[in-house]
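Enquirer: Would you be able to build a 3D model of this:
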Amino acid sequence: FLFLLLVVVVALLLLLLFFSSVSCLFKVFKMAGGTMELFRMTFYVFLPIGAFYYFGLPSYYKNEIKPAFKQLYPEETTHDLPHTPEGNKELLKELIAKRRAKEGSEK
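Expert: Presented below is the predicted three-dimensional model:
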């Protein structure tokens with residue numbers, strides 16, 4: 001949140017630096033001159049940085065992503081995959097046996 005606030009403050013300071021009065025600030029939204037390009041470039045640079053910062057926070061992951069993941073994939077539907085070559089071979093044998101059993105029952 002503080003980073004986004006900092007980005008907004010820096011963008012406003014850049015805008016105020018290039019404008020002499022408040023009335024000129026409203027002219028920014030017309031498609032004319034380098035001032036509009038400066039505003040657009042600032043927006044294009046700082047928006048992705050702010051988005052990556054906000055969505056990359058551990059608190060966002062903990063509060064938003066983990067509950068959604070648990071809702072989509074409950075504990076009983078997740079599988080414990082093996083971490084050793086022997087475990088991989090056993091899992092492969094089980095999957096092949098299940099596939100053969102399924103193909104045999106379909107015929």
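Enquirer: Locate residue 102 within the secondary structure: which element?
Expert: Using DSSP states H and E, the element containing residue 102 is helix 85-106.
Enquirer: any idea how far the residue most central in space within the chain lies from residue 64?
Expert: Note on the chain: the residue nearest the mean C-alpha position is residue 55, at 5.2 Å, using CA atoms, centre = their mean. Residue 55 is 9 Å from residue 64, where distance means CB to CB, to the nearest Å. (C-beta placed from N, C-alpha, C; glycine too.)
Enquirer: how far out from the middle of the chain is the helix holding residue 102?
Expert: 37 Å (CA atoms, centre = their mean, to the nearest Å).
Enquirer: next one: stretch 75-88
Expert: The answer for stretch 75-88 is 28 Å, by CA atoms, centre = their mean.
Enquirer: Could you check how far the residue nearest to the centre of the chain is from residue 61?
Expert: 8 Å.
Enquirer: can you check residue 80 too?
Expert: Taken as CB to CB, the span from residue 80 to residue 61 is 22 Å.
Enquirer: Which one's more surrounded, those two?
Expert: residue 61 (12 against 6; other CB atoms under 10 Å).
Enquirer: Kindly provide the distance from the more buried one to residue 68.
Expert: Distance from residue 61 to residue 68, by CB to CB: 10 Å.
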